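# coords please:
(one chain, ligands or ions: 1)
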Amino acid sequence: MKILIIEDEKALAESLADYLQHEGYRCEMALDYQKALEKIQLYDYEAIILDLTLPDGNGLELLRSLRQAHNPAGVLIVSARNALADKLSGLDLGADDYMTKPFHLAELNARLKSIIRRKNYESNNQIVFQEISINPATMEVSVNGNPMVLTRKEYELLLYFIHNKNRLLTKEAIAEHLWGDNMDMADSYDFIYTHIKNLRKKIVELGGQNYLKTMYGMGYKFSE
Ligand code: CA
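Okay, the predicted model is just below:
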């Protein structure tokens, strides 16, 4: 089981790695934001220990990009700041747990174990909507049992629709979900249109029903 330790206090990072290696984990360290970002984009980790205050960035931003990429790694925030606001935004952004420094290594280990146990349990759970089935751990999608090949954005879009089934989703909300603030709104509407058209086509080609309804002038709705 591979763990990434994102922590700029080198001595602390090393003692964490030491301790967790004795507990049977494989540990990698990232001592700054840039290195951490590289690693989470390139490699898969079972869990990530995340310090919020890094010399060249904010750990919450790393968490945000992890979750936007639907990275399933469990995240345990460790922060020197005992700030309720940080804690709330961390949990809101999809962290699994939060600890304030200083902490006992044994407690960190116990929390880490519980995160991993929970993740493994969840990742065995398929998301099913009628004849569409999604395995969030492997990102495999099937329609009527036949595998459906999706681009990353189509996959994110499908997941977003299924999580919000029967709700009207505006183009603004979809653009925000898929690209955050990184995209010019006017351009992104054309992309959304294309992604939705392709997604609909792929579902229908595998014998699925057309659940993706266009609500003219308002947005889209995924409903039975
Ligand atoms: Ca720090």
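# Tell me the spacing between the closest residue to I192 other than its chain neighbours and E23.
Excluding the flanking residues, the one nearest I192 by CB to CB, 6 or more residues apart in numbering is I174, at 5.3 Å. C-beta here means a position set from N, CA and C on the backbone, and glycine is covered the same way. With distances taken as CB to CB, to the nearest Å, I174 is found 42 Å from E23.
# Those two - which one has more neighbours?
I174 (23 against 15; other CB atoms under 10 Å).
# what distance separates the host helix or strand of R111 from the centre of its chain?
R111 is part of helix 105-123 when elements are defined by DSSP states H and E. The chain centre lies 17 Å from the centre of helix 105-123; the measure is CA atoms, centre = their mean, to the nearest Å.
# Now that helix: buried residues?
Neighbour counts over helix 105-123 (16 or more other CB atoms under 10 Å) mark L108, N109, R111, L112, I115, I116, K119 as buried.
# Give me the contact list for the helix or strand hosting V204.
Assessed by DSSP H and E, V204 sits inside helix 185-205. Helix 185-205 has contacts (CB atoms under 8 Å, 6 or more residues apart in numbering) with 132, 143, 148-151, 153-154, 157-158, 171-172, 174-175, 178-179, 183, 209-212, 214, 220.
# Whichever helix or strand comes after that helix: which residues count as buried?
Per DSSP H and E, helix 185-205 leads on to strand 212-215 as the next helix or strand towards the C-terminus. Across strand 212-215, burial judged by 16+ other CB under 10 Å covers L212.
# Let's see the pLDDT reported for the spatially most central residue of the chain.
Nearest to the geometric centre of the chain sits R67, at 2.5 Å (CA atoms, centre = their mean). Note on R67: pLDDT of 89.
# OK, contacts around it?
With contacts defined as CB under 8 Å, 6+ apart, R67 is in contact with L93, G94.
# Just confirm it is within a strand.
No: the secondary structure assignment for R67 gives helix rather than a strand, going by DSSP: H, G, I helix; E, B strand; the rest coil.
# Can you list the low-confidence ranges for this structure?
82, 121-124, 180-186 (pLDDT under 70).
# The ion contacts on that one?
Counting by CB under 5 Å from the ion, the chain comes close to the ion at D8, D51, T53.
# how close does the nearest residue to K165 once chain neighbours are set aside get to H195?
Leaving aside its sequence neighbours, K165 sits nearest to F222 (CB to CB, 6+ apart; 5.1 Å). Counting by CB to CB, the gap from F222 to H195 is 13 Å.
# When these two are compared, which one has more neighbours?
Using other CB under 10 Å, the more surrounded residue of F222 and H195 is F222, with 23 against 20.
# backbone phi and psi for the more buried one, please?
Per-residue torsions, F222: phi -110, psi 110 (degrees, to the nearest 10).
# again with E176
Dihedral angles (degrees, to the nearest 10) for E176: phi -60, psi -40.
# all strands in this structure, in order from the N-terminus.
2-6, 26-30, 47-51, 53-54, 57-58, 74-79, 97-100, 127-129, 132-135, 140-143, 146-148, 168-170, 212-215, 219-222 (DSSP state E).
# List the buried residues of the second one.
Judged by neighbour count using 16+ other CB under 10 Å, the buried positions of strand 26-30 are C27, E28, M29, A30.
# Just the closest of those to the ion, please.
A30 (11.8 Å; CB to the ion).
# Once you drop chain neighbours, what's closest to the closest one?
Nearest residue to A30, sequence neighbours excluded (CB to CB, 6+ apart): A36, at 3.8 Å.
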